[in-house]
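Colleague: Predicted model and sequence below, questions to follow.
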Amino acid sequence: MNIIAGRRALGAGMLGLAGLAAARPATAFVGPRPECLAPSAPGGGWDFTCRTVGRLMQELQVVDQPVQVSNMPGAVGAVAFANVTSRRAADHNLFVATSTVGLTQIAQRRYPGDIDRVRWLAMLGADTGVILVRADSRFKTLADFLGALKSDPGGIVTGGSSSLGGYDHLRLLLLAQKAGIPAADLKRFRWIHYDGGGPAVTQMLGGHVEVVSTDLAEIAGFVEAGQIRVLGAMAEARLAGAFADIPTAREQGYDVVGLNWRGFYTGGRVSDEHYNAMIAGLKRVYDSEGWKEAARRSGLQPVWRSGPEFERFVAGMVSELRGLSQEIGIIS
């Protein structure tokens, strides 16, 4: 501010320059070469997150230079995590896209390090986990389904868009835990892995699977068409708009939140100054109409958690998923 005031004192000829300086961000989001690392191939979800947020950063003048998007696929994000922690831990130019999928891998010790190896920046949006049945299903509520599952753990065929031990599967098991189903019976559940929520629902409509656990955005069209019933949404509160009538698991007595969130981390040795600047920049993106529209188009609910709050959220989620993974024998 003193610099700008000094320039004004030099005369009217400098006022235009001062105006330009004032229009730019007071603190750069990252270093002079901003880079978003997507741990997936071009076109994947993490790539979309990087490119969308990077574009909005430039439009909002959060960065002085265009954000470079680098793709580093491999081992569901583990290759990128290893690169950041071993080679770029102090690089304040860098922020890395991640999500619940990556965090599940960390919880199951499939990354070369734990959550304390990086600094968790912020979550900007999330898709909501849902439990689905056919419109004519015998199950009308979560209590109907979980009660039947408790009575006969191997008697219901379930499925979703993750493999055994993946997040769709674990969300279902978290609900089962809240229903009082013992760990030994969780291992008896019948689970079929499909390549996406859409294919899982198609197979459910064909009678090949009775209950599906997946993300709402993937199957919203089926809900809107009245072909399926949502027994419960694993959201913190009721969703807005077209899905406001869907009851949450919480309001039905099962305190489970199953969000497939999108967010970012950076290197573990990035300074507090740069870490806080990154969070401030991401908050400007989150608050923009551009992000709200991008989130809506991709089926995400805007959700903001950052800094220490986000770190506590990540730690709690890893603890929960790791404990459950141990109970069912996914990890020792």
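Modeller: Cool, got the structure.
Colleague: Show me how far the longest helix along the chain is from its chain's centre.
Modeller: Longest helix of the chain, by residue count under DSSP state H: helix 307-327. Averaging C-alpha positions (Cα atoms, centre = their mean, to the nearest Å) puts helix 307-327 13 Å from its chain's average.
Colleague: C-terminal to the lowest-mean-pLDDT helix or strand in the chain, what's the next element?
Modeller: One helix or strand of the chain scores below all others by mean pLDDT, DSSP states H and E: helix 15-23, with a mean of 37. Per DSSP states H and E, the first helix or strand lying C-terminal to helix 15-23 is strand 35-38.
Colleague: Mind checking the pLDDT average for that next one?
Modeller: Model confidence over strand 35-38, given as mean pLDDT, is 98.
Colleague: What residues of that strand count as buried?
Modeller: Under the neighbour-count criterion of 16 or more other Cβ atoms under 10 Å, strand 35-38 has Glu35, Cys36, Leu37, Ala38 buried. C-beta coordinates here come from the backbone N, C-alpha and C atoms, glycine included.
Colleague: And for stretch 95-105?
Modeller: Applying 16+ other Cβ under 10 Å to stretch 95-105 flags Phe95, Val96, Ala97, Thr98, Ser99, Thr100, Val101, Gly102, Leu103, Thr104, Gln105 as buried.
Colleague: want to try JSON lines for those residues, with distance to Ala249 and secondary structure as columns?
Modeller: Formatted as JSON lines, those follow (distance: Cβ to Cβ, whole Å; DSSP: H, G, I helix; E, B strand; the rest coil):
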{"residue": "Phe95", "distance to Ala249": "32", "secondary structure": "strand"}
{"residue": "Val96", "distance to Ala249": "30", "secondary structure": "strand"}
{"residue": "Ala97", "distance to Ala249": "27", "secondary structure": "strand"}
{"residue": "Thr98", "distance to Ala249": "24", "secondary structure": "strand"}
{"residue": "Ser99", "distance to Ala249": "20", "secondary structure": "strand"}
{"residue": "Thr100", "distance to Ala249": "16", "secondary structure": "helix"}
{"residue": "Val101", "distance to Ala249": "20", "secondary structure": "helix"}
{"residue": "Gly102", "distance to Ala249": "23", "secondary structure": "helix"}
{"residue": "Leu103", "distance to Ala249": "20", "secondary structure": "helix"}
{"residue": "Thr104", "distance to Ala249": "19", "secondary structure": "helix"}
{"residue": "Gln105", "distance to Ala249": "24", "secondary structure": "helix"}
